[in-house]
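K.L.:
This is a predicted model, with the sequence first.
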Amino acid sequence: MTFIQNFLFRLKLSFQFYRKLIISSTSLCLILIFLGNALEAILLVKLFLIGLIFLQKAFFEAKDSLLFYKNFGVSPSFLFTYCVFTDFFLSVIIYKLSMLI
C-alpha cells in the first residue's frame, strides 16, 4: 500500500511540473495540426522540445528547480518520462479530435 501511495504522490508532483508546460504544448500541437503536419512529425517535434527543456533545467539553469522534486524522491528521468508520455497522450487526443472536425 505504501508503494502505491508513493507512486501516486510522485505522479502528482510530476503533473505539477508538467502543468507549466501544458499550455505551450497544446498551442504548439494546434499550430502544427493547422499547418497540416502528420502525427508522427508533431510527436517528434514535441519530443525534441521537451528534451531541450530538460537539458536546460539540468545543465544551464540552477538545479534548484529539479532539487525540489529530487527531495521528494522524483528523479529527473521519471519527470522526463512522465512529461513525454502525458504530452504524447494529449497530442494524440487533440490530433484525433481535429480529424473528426
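P.N.:
In hand now; what should we look at?
K.L.:
distance between stretch 52-61 and the chain's centre?
P.N.:
14 Å (Cα atoms, centre = their mean, to the nearest Å).
K.L.:
Need the mean per-residue confidence for that stretch.
P.N.:
In this model, stretch 52-61 has an average pLDDT of 77.
K.L.:
Residues contacting it, please?
P.N.:
21, 63, 65, 66, 76, 79, 80, 83 (Cβ atoms under 8 Å, 6 or more residues apart in numbering). In short, each C-beta sits where N, CA and C put it, glycine included.
K.L.:
now, which of these sits nearest residue 97?
P.N.:
Of all these, residue 21 has the smallest distance to residue 97: 19.9 Å, by Cβ to Cβ.
K.L.:
Around the closest one, count how many other residues there are.
P.N.:
Neighbour count of residue 21, defined by other Cβ atoms under 10 Å: 17.
K.L.:
check contacts around it.
P.N.:
50, 53, 83, 87.
K.L.:
Tell me who's in contact with residue 10.
P.N.:
When contacts are counted by Cβ under 8 Å, 6+ apart, residue 10 touches 72, 73, 74, 78.
K.L.:
is it true that the second one touches residue 7?
P.N.:
So that's residue 73. No. The pair residue 73 / residue 7 is not scored as a contact, 10.1 Å apart, by Cβ atoms under 8 Å.
K.L.:
are any of the contacts of residue 21 buried, and which?
P.N.:
50, 53, 83, 87 (16 or more other Cβ atoms under 10 Å).
K.L.:
Filter the residues you listed down to just the ones in helices.
P.N.:
Counting by DSSP state H, the buried ones among the contacts of residue 21 place 50, 53, 83, 87 in helices.
K.L.:
where does this structure dip in pLDDT?
P.N.:
1, 61-64 (pLDDT under 70).
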